[in-house]
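Peer 1: 3D, please:
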Amino acid sequence: MTDKNLPNKKREEQKMKRFTAVVLSAAMIASLGVQTLAAPSISVGDNSFRTVLSPENEGLSDDAYVTWVAEDKLTEENYTPEMLEFVKHLNNLEEGVSVLEAFESYEGFEEPIDLSKIKVFDGGSEFVQEGFEYLDEMYFLSPVKELQWYNVEPTKEKPVKVDFTANDMTEEMEVYVLTICPDDEWELLETERKSDNQVTASFHARNTLTALIYMEKSADEEAEGTSPRT
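Peer 2: Numbering: from 1, shown residues only. As a prediction, this is how the structure comes out:
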């Protein structure tokens, strides 16, 4: 039976089915085209926290990239059991616990971590000072993760910039990177704001454990555009 001999309702139903099939086929072809042409995105984490080498870097090889690995990927090959427990402690903090309280409340180390000597570096990876008096006003914006470097070696002579994205970041936050160097020294890296939810930090060593922390900007600091250093 041809379309002409079908009742009007059935003819309309067949036309709709054919139209839908054409639209779906076109969408599938377009999707395959996008997947084929799109460059791979070198980033890790969920949709809330991501990181990637900044396009501001110069002279890096095409296969250089950085990843930000979640806590459950950490192993005792690289960390002591005490450090692994400390990371769990930090990542399970209750809301409203400051960075200083988080460190001081952990009792798993033989010697407590002395954050009074934390080293502060600016957006150009230049040493600023030792010690930071505002840690009791700072809070974690991201979980503590492991920053892993591939085919790139940050050094004091040639620091490497990394872009961090956090969807919960707001304009009222002064964002820093809390990280630990291979020599077990904790550092605080100032950041440069790239957008509402992205900042850039400059690394001078292959830092490992890394987290975004923040403090609320005061009215004066926001107006002057300064960082709350001691």
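
Peer 1: Neighbours of residue 171, how many?
Peer 2: For residue 171, the count of nearby residues is 9 (other C-beta atoms under 10 Å). From N, CA and C alone the C-beta is placed, and that goes for glycine too.

Peer 1: Pop out the phi and psi values for it.
Peer 2: phi -70, psi -20 (degrees, to the nearest 10).

Peer 1: Please apply the same query to residue 215.
Peer 2: phi -140, psi 150.

Peer 1: again, but for residue 86
Peer 2: The phi/psi pair for residue 86 (degrees, to the nearest 10) is phi -60, psi -40.

Peer 1: Identify the residues contacting it.
Peer 2: 106, 108, 109 (C-beta atoms under 8 Å, 6 or more residues apart in numbering).

Peer 1: Let's see which of these end up in helices.
Peer 2: Among those, the subset assigned to helices under DSSP state H is empty.

Peer 1: And the lowest mean pLDDT element among the helices and strands of the protein?
Peer 2: Sorting the helices and strands of the chain by mean pLDDT, DSSP states H and E puts helix 8-37 at the bottom, at a mean of 43.

Peer 1: Show me the contact partners of whatever helix or strand comes next after that helix.
Peer 2: Sequence order places strand 49-53 as the next helix or strand after helix 8-37, per DSSP states H and E. Under the criterion C-beta under 8 Å, 6+ apart, residues 41-45, 60, 64-68, 142-143, 145, 147, 152, 160-167, 212 lie in contact with strand 49-53.

Peer 1: strands paired with the helix or strand harbouring residue 162, and their directions?
Peer 2: Assigned by DSSP H and E, residue 162 falls within strand 160-166. Each strand paired with strand 160-166, and its direction, by DSSP bridges: strand 49-53 (antiparallel), strand 198-203 (antiparallel).
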